[in-house]
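Q: predicted structure and sequence below. I'll ask about it afterward.
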Amino acid sequence: MNLRFRIRRALSAVAFTTLAVSMSAAAADTWNMPVPYGDNNFHTLNHVAFAKDVEERTNGDVKIVVHPSGSLFKHPEIKNAVRSRQAPLGEFLLSRLSNENPIFGIDSVPFLATSYDDSRKLWDTTRPAVEDLLGEQGLMVLYAVPWPPQGLYANRDVNAINDLSGLKFRAYNAATERLAQLASAVPTQVEVADLGQAFSTGRVDAMVTSPSTGYNSKAWDYLSNYYDVQAWLPKNIVVMNKRIFDALDDDTKAAVLEAAKEAETRGWAASMGETEAKTKGLADNGIKVAAPSDALKGELVEIGQTMTQEWLEQAGDDGKKLIDAYNQ
């Protein structure tokens, strides 16, 4: 092998290595962010604004690509996708993890926190515990945003709890499943994307969810009634893989955390605006919107008291400390 050929081959190898490193760096700077909800959902719009903020604060060094509607990973897969570094960050409903630890489901205990002020107080009280639990799994909390207060939807009038007896009731977490059981309904797991088909085909007859979800899924096509029971305000949470975050330089870390803080503030404000706008939108499209009857409200509160007691039994001393701190 002559010298000229050896030099050419060496230069080619260097060029290939340089290209590979460059491509790897470019890929590392593009972060895929899987989220469960559609691109018109206020949570998703908030994530898009967060992504823009990060890109601007890092002078284009970090680009976050938001993947809506479970298009990259389905909702139940997102947490583990981030944990295993298949995606650097992602969003999911916090209370979906309540089977791992009841602390994750405290915001879905019916009638514990039913207003935005109470929900904020509950989050401020419980955030350190949530951060510790997720930190044990290699995840760090970036921000959390509540849904509007949860209301009751049905394809018929519901004046008392016994009107739900035997109905197929959509469940999206352990709390809604237990609520259905205590109301003598039949819990049925259905994701947001499948709501229209599930109701239209008779898989479900009723559900508790936000006015946002009802409006975005065009509930008027398959439901007739919405009762503004304001049962709880469940939160969506955005987490990042801690190893990926720890590997960032200090300026990039600061940029991400600052953008996350703004996203949480912006998201809470957007959620408040959603409540009024989307409730009105339901009525404008033909849904019968009403406050619950005194009988229904009273029976739901009784169910909430039962579920609070059950939650305290499951959560033990740690849960009691959180409830006591929240009630102070």
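A: Yep, it's here.
Q: endpoints of stretch 222-241, how far apart?
A: Criterion Cα to Cα, to the nearest Å; first-to-last residue distance in stretch 222-241 is 39 Å.
Q: so who does R266 touch?
A: For R266, the contact set (Cβ atoms under 8 Å, 6 or more residues apart in numbering) comprises 46, 49. Any C-beta I mention is one placed from the backbone N, CA and C, and that applies to glycine too.
Q: doesn't it lie inside a helix?
A: Yes. Checked against DSSP: H, G, I helix; E, B strand; the rest coil, R266 lies within a helix.
Q: quick check: it vs K52, distance?
A: R266 sits 12 Å away from K52, going by Cβ to Cβ, to the nearest Å.
Q: what does V109 give?
A: 35 Å.
Q: those two: which is more packed in?
A: V109 (27 against 14; other Cβ atoms under 10 Å).
Q: pull up the overlap in contacts between R266 and K52.
A: Going by Cβ under 8 Å, 6+ apart, no residue sits against R266 while also sitting against K52.
Q: quick one: the strands in the stretch 51-200 of the chain?
A: 63-67, 89-93, 139-146, 151-154, 168-171, 186-189 (DSSP state E, counting those that start in this stretch).
Q: turn the ones you listed into JSON lines, columns for distance to N99.
A: Shown next, in JSON lines, are those (distance: least, Cβ to Cβ, whole Å):
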{"stretch": "strand 63-67", "distance to N99": "25"}
{"stretch": "strand 89-93", "distance to N99": "13"}
{"stretch": "strand 139-146", "distance to N99": "17"}
{"stretch": "strand 151-154", "distance to N99": "24"}
{"stretch": "strand 168-171", "distance to N99": "12"}
{"stretch": "strand 186-189", "distance to N99": "13"}
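Q: which one of those strands is the most hemmed in?
A: Among the strands of the stretch 51-200 of the chain, strand 89-93 has the highest mean neighbour count (mean count of other Cβ atoms under 10 Å), at a mean of 27.
Q: and that one, which strands flank it?
A: Strand 89-93 has its sheet partners listed here by DSSP bridges as strand 235-241 (antiparallel).
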